[in-house]
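K.L.:
A predicted structure for the sequence below; I have some questions about it.
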Amino acid sequence: MAHEKTDLNLVAIFTVVIASSLFLLVVFIGAHAFAMYEEEGEVTAKWDESQNATLNDLLKDQRTRLNGPAGTMGATTKPSGMPIKEAMKAVVRNQGNIVFPAGK
């Protein structure tokens, strides 16, 4: 009778199971990351293509107020606003001191 070895190499089996599990985990994480990357690209492209009327109206109003003529406050003649370019020039001209000329 031939004598057969029936012992299992548990260390080798354990090593193969752990290595396979880690490989499967890496594949799942990579697939999830790829899916999230692609989804973000699609969402960004759709957002860039869409026209948000409310946002466009708000931006138009802000640009008008920033670059528009100066307004006045009540009965005084002090400006309550001036175009941003004029304000930057005034700050440079006054060396950082914010002084508004009377009557403008």
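P.N.:
Right, received. Where do you want to start?

K.L.:
and the helices in this protein?
P.N.:
10-49, 53-67, 84-93 (DSSP state H).

K.L.:
please identify the deepest-packed of the ones you listed.
P.N.:
helix 84-93 (a mean of 12; mean count of other CB atoms under 10 Å). To be clear about C-beta, it is placed using only N, CA and C from the backbone, and glycine gets the same treatment.

K.L.:
output that one as CSV, restricted to C-alpha atoms.
P.N.:
Extracted in CSV, the C-alpha atoms of helix 84-93 (Å, rounded to 0.1, in the frame of the first residue of the first chain):
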residue,chain,number,x,y,z
ILE,A,84,-14.3,99.5,-8.5
LYS,A,85,-11.7,100.8,-10.9
GLU,A,86,-12.2,104.3,-9.6
ALA,A,87,-12.0,103.1,-6.0
MET,A,88,-8.7,101.3,-6.7
LYS,A,89,-7.3,104.4,-8.4
ALA,A,90,-8.4,106.6,-5.4
VAL,A,91,-6.7,104.3,-2.9
VAL,A,92,-3.5,104.4,-4.9
ARG,A,93,-3.7,108.1,-5.4
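
K.L.:
now that helix against helix 53-67, angle please.
P.N.:
Here the directions of helix 84-93 and helix 53-67 differ by 40 degrees (axes from the mean of the first three to the mean of the last three CA atoms, to 10 degrees).

K.L.:
just how off-centre is helix 84-93 within its chain?
P.N.:
From the chain centre to the centre of helix 84-93 is a distance of 31 Å (CA atoms, centre = their mean, to the nearest Å).
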